[in-house]
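S.K.: need a 3D model of the sequence below.
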Amino acid sequence: MALRSLAVEGLERCARAATRLAALLIVAVALCACSMFDKDTIAPEEPADKLYNEGLYLLNTKKDAKGAAKKFEEVDRQHPYSEWARKALIMSAFAYYEGNAYEDCISAARRYVTLHPGSPDAAYAQFLIGASYFDQMPEISRDQERTEKAVQALEEVVRKYPNSEYAVSAKRKIEIARDQLAGKEMDIGRQLLNTRNYTGAINRFKQVVTRYQRTRHVEEALLRLTETYMALGIVEEAQTSAAVLGHNFP
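M.R.: From the prediction side, this is the model:
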């Protein structure tokens with residue numbers, strides 16, 4: 001019995017020792033894994049000017065706009081309250097624009113306008129928003145939501161920063177975008193006219209005459225209005241449209 005008791009006690013001690021060893025191994029492995037994870041994910045902080053200049057190098061020398069934008073974003077991430085961060089944010093918007101990454105450009109530029117509305121570069125940031133939408137304007141047969149957003153954003157440049165160097169360019173882009181919107185109205189109006197939906201066609205042509213009177217589509221809109229009113233037998237309105245047409249486009 002004594003021998004059996006000693007044997008059992010020895011086995012229990014061995015089991016306890018094995019359990020402790022296993023626990024120590026688990027802790028050691030976990031610590032090692034954490035150490036490896038930290039090394040892989042936590043990059044050391046780099047000087048703001050170094051990151052910024054690396055971004056300029058990628059943008060100007062390597063022509064890597066998207067890579068440059070990432071460097072500028074690192075300045076903002078690692079040094080968010082520095083003057084370098086402000087400069088890097090507008091440069092990231094510009095780099096994204098140069099790389100045709102328009103949604104990223106819009107996001108960065110909007111953030112800049114929100115954080116630094118009174119800075120010298122705020123006008124440029126707002127202009128980049130409008131230019132990004134402008135460059136994405138689709139053909140006339142498609143939805144013109146981006147064209148409308150381009151007009152809205154560019155009108156903000158003219159309204160908020162009328163004396164900035166970007167106001168003139170913004171006005172030119174607004175004229176082009178508004179001409180596109182007028183063209184869309186004319187396209188829909190013609191389709192409605194062809195299907196004899198005269199009321200719908202009149203509403204579209206009127207939109208061109210009243211909202212887009214400085215575009216090249218006004219002459220045709222007045223002509224179509226005259227034609228549509230005559231089709232409906234509304235002679236007085238047809239004569240009015242014809243008179244306006246003759247006065248402005250003799």
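S.K.: quick one: buried residues of the helix or strand hosting Ala109?
M.R.: Assigned by DSSP states H and E, Ala109 belongs to helix 102-115. Counting neighbours by 16 or more other CB atoms under 10 Å, one finds that the buried residues in helix 102-115 are 102, 104-113. Quick note: C-beta positions are derived from backbone N, CA and C, even for glycine.
S.K.: can I get those in TSV including pLDDT?
M.R.: Below are the buried residues of helix 102-115 laid out as TSV (pLDDT from 0 to 100):
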residue	pLDDT
Tyr102	98
Asp104	98
Cys105	99
Ile106	99
Ser107	98
Ala108	98
Ala109	99
Arg110	99
Arg111	98
Tyr112	98
Val113	98
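S.K.: which of the residues you listed lies closest to Glu54?
M.R.: Closest to Glu54 out of these is Ala108 (17.6 Å), distances taken as CB to CB.
S.K.: which element is the residue lying closest to the closest one once chain neighbours are set aside on?
M.R.: Ranked by CB to CB, 6 or more residues apart in numbering and with sequence neighbours excluded, the top spatial neighbour of Ala108 is Ala93, at 3.8 Å. Following DSSP H and E, one finds Ala93 within helix 83-98.
S.K.: about what we covered before: out of the buried residues of helix 102-115, which is nearest to Glu155?
M.R.: After measuring the buried residues of helix 102-115 against Glu155 - CB to CB - the closest member comes out as Val113, at 14.3 Å.
S.K.: surely that closest one touches Ala123?
M.R.: No - at 9.3 Å, Val113 does not count as touching Ala123 under the criterion of CB atoms under 8 Å.
S.K.: can you give me the end-to-end distance of stretch 91-109?
M.R.: Length of stretch 91-109, first residue to last, CA to CA, to the nearest Å: 9 Å.
S.K.: one step back: give me the helices and strands touching the helix holding Ala93, please.
M.R.: Helices and strands touching helix 83-98, as assessed by 3 or more CB pairs under 8 Å, 6 or more residues apart in numbering; DSSP states H and E, comprise helix 48-60, helix 65-78, helix 102-115, helix 122-134.
S.K.: winner for burial among those helices?
M.R.: helix 122-134 (a mean of 24; mean count of other CB atoms under 10 Å).
S.K.: so where is the protein shaky, pLDDT-wise?
M.R.: Applying pLDDT under 70 to the chain flags the ranges 1-44.
S.K.: ok, 50 please
M.R.: Scanning the chain for pLDDT under 50 picks out the ranges 1-11, 14-15, 17-18, 21-42.
S.K.: wait, Ala101 sits on Lys66?
M.R.: Yes - at 6.2 Å, Ala101 counts as touching Lys66 under the criterion of CB under 8 Å.
S.K.: quick one: closest of the helices and strands packed on helix 83-98 to Asn197.
M.R.: helix 122-134 (30.9 Å).
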